[in-house]
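S.K.: the following block contains a protein sequence and its predicted model.
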Amino acid sequence: MLKKSVTLFPLWAILFSLLSYLQPNLVVGFKSWIIPLLITIMFCMGITLKIEDFKRVLKRPKMIALAVSLQFLLMPLAAFIISKLFELSNELLVGMVLVGAVSGGTASNVIAYLAKADVALSITMTVVSTLLSIIVTPYLTLLYVGQTVPVPATSMLLSILKIVFIPVVVGLILNHYFHRFIDKRHDFFAFLSIIAIVFIIGIIIGLNQQKIATIALSLMLAIICHNFVGLVGGFYITKWFGFDYKSCKTVAIEVGMQNSGLAVVLAMKYFTALGALPGAIFSIWHNISGSIIAGYWVKKSEKENR
């Protein structure tokens, strides 16, 4: 059942996205569920991990350094170039650059889990890039758009603690003490994660239905290209450095999926409402593209193991 669920995950995400777009009233009332659902997903990840997984990751500083470098070098540069190529307005260019200049988002950890990538590595990279973004994001914004923005360091760290760190640690502890019981129920936790992320995507689309209806085709194409550059660049540059297939998948997902929610907040607070649009649309698109690529990699892995 799990294999079929993961394979059909992209279809579920797209169908529920369409339903949420056509009938936003069905999901907008669940806005407050987004964080609890993310916490649930992180707990489901943590309960399938072992402490040894994180010990193994910390022995690979070169991999973490490469991923974080790609995050802050490739993504903001790609955002700036793509915005110029599509002749986006200055407000939308600012929004695109903010998406590229922020850290990796927690959604990347979910997709890494579903794609059977290295979840411990993904979580570690998200935490490291988020901590660095407190310093790096303002200066990248200054470099590309000529204006610096303060990053809400305390609130970001508290969010990571609440949404990522605590539920993962609780899951790790439970798995450590009740491994035999939990090991037989991995499929249940993976299935629960799939349902949760599909529901989150639907809620985001419902909340942004009016914005989606008014966006120009050029902006949508620019956002798709930006995400594509992160996914493809992350995978093949990592491969070029000689890392294994699983690591390449993990870095591709981490680089291609940004903390677009933070980009929206920064744009709304320090720039314009229009500047927040790229982040809002990116948050929807990268979940859909991530679910598609996760389904593809799982299906490919199943064929290779036959």
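M.R.: Perfect, I can see it now.

S.K.: quick check: which ranges of this structure have low pLDDT?
M.R.: 1-10, 147-157, 159-160, 302-306 (pLDDT under 70).

S.K.: now the farthest one out in it, which residue is it?
M.R.: Computed with CA atoms, centre = their mean, the residue of the chain farthest from its C-alpha average is residue 180, at 30.8 Å.

S.K.: for whichever strand or helix holds that residue, which positions count as buried?
M.R.: Assigned by DSSP states H and E, residue 180 belongs to helix 179-183. Residues of helix 179-183 classed as buried: residue 182 (neighbour count, 16 or more other CB atoms under 10 Å). In short, each C-beta sits where N, CA and C put it, glycine included.

S.K.: for that helix, which outside residues touch it?
M.R.: Outside helix 179-183, the residues that touch it by CB atoms under 8 Å, 6 or more residues apart in numbering are 47, 48, 174, 175.

S.K.: for residue 222, see how far away the last one is.
M.R.: Read it as residue 175. Remark: distance between residue 175 and residue 222 (CB to CB, to the nearest Å) = 42 Å.

S.K.: ok, the third one next?
M.R.: For residue 174, the distance to residue 222 equals 43 Å [CB to CB].

S.K.: same question for the first one.
M.R.: Relative to residue 222, residue 47 is positioned 38 Å away (criterion: CB to CB).

S.K.: who's more crowded, those two?
M.R.: Using other CB atoms under 10 Å, the more surrounded residue of residue 47 and residue 222 is residue 222, with 25 against 22.

S.K.: next secondary structure after whichever strand or helix holds that one?
M.R.: For residue 222, the enclosing helix or strand under DSSP H and E is helix 217-240. Toward the C-terminal end, the helix or strand that comes next after helix 217-240 (DSSP H and E) is helix 245-256.

S.K.: list the contacts for the nearest residue in space to residue 199 that is not next to it in sequence?
M.R.: Distances taken as CB to CB, 6 or more residues apart in numbering place residue 37 nearest to residue 199, at 6.2 Å, with adjacent residues excluded. Going by CB under 8 Å, 6+ apart, residue 37 touches 196, 197, 199, 200.

S.K.: now that we have those, which one has the most neighbours?
M.R.: residue 197 (26 neighbours).

S.K.: without its sequence neighbours, what residue ends up closest to that residue?
M.R.: residue 110 (5.3 Å).
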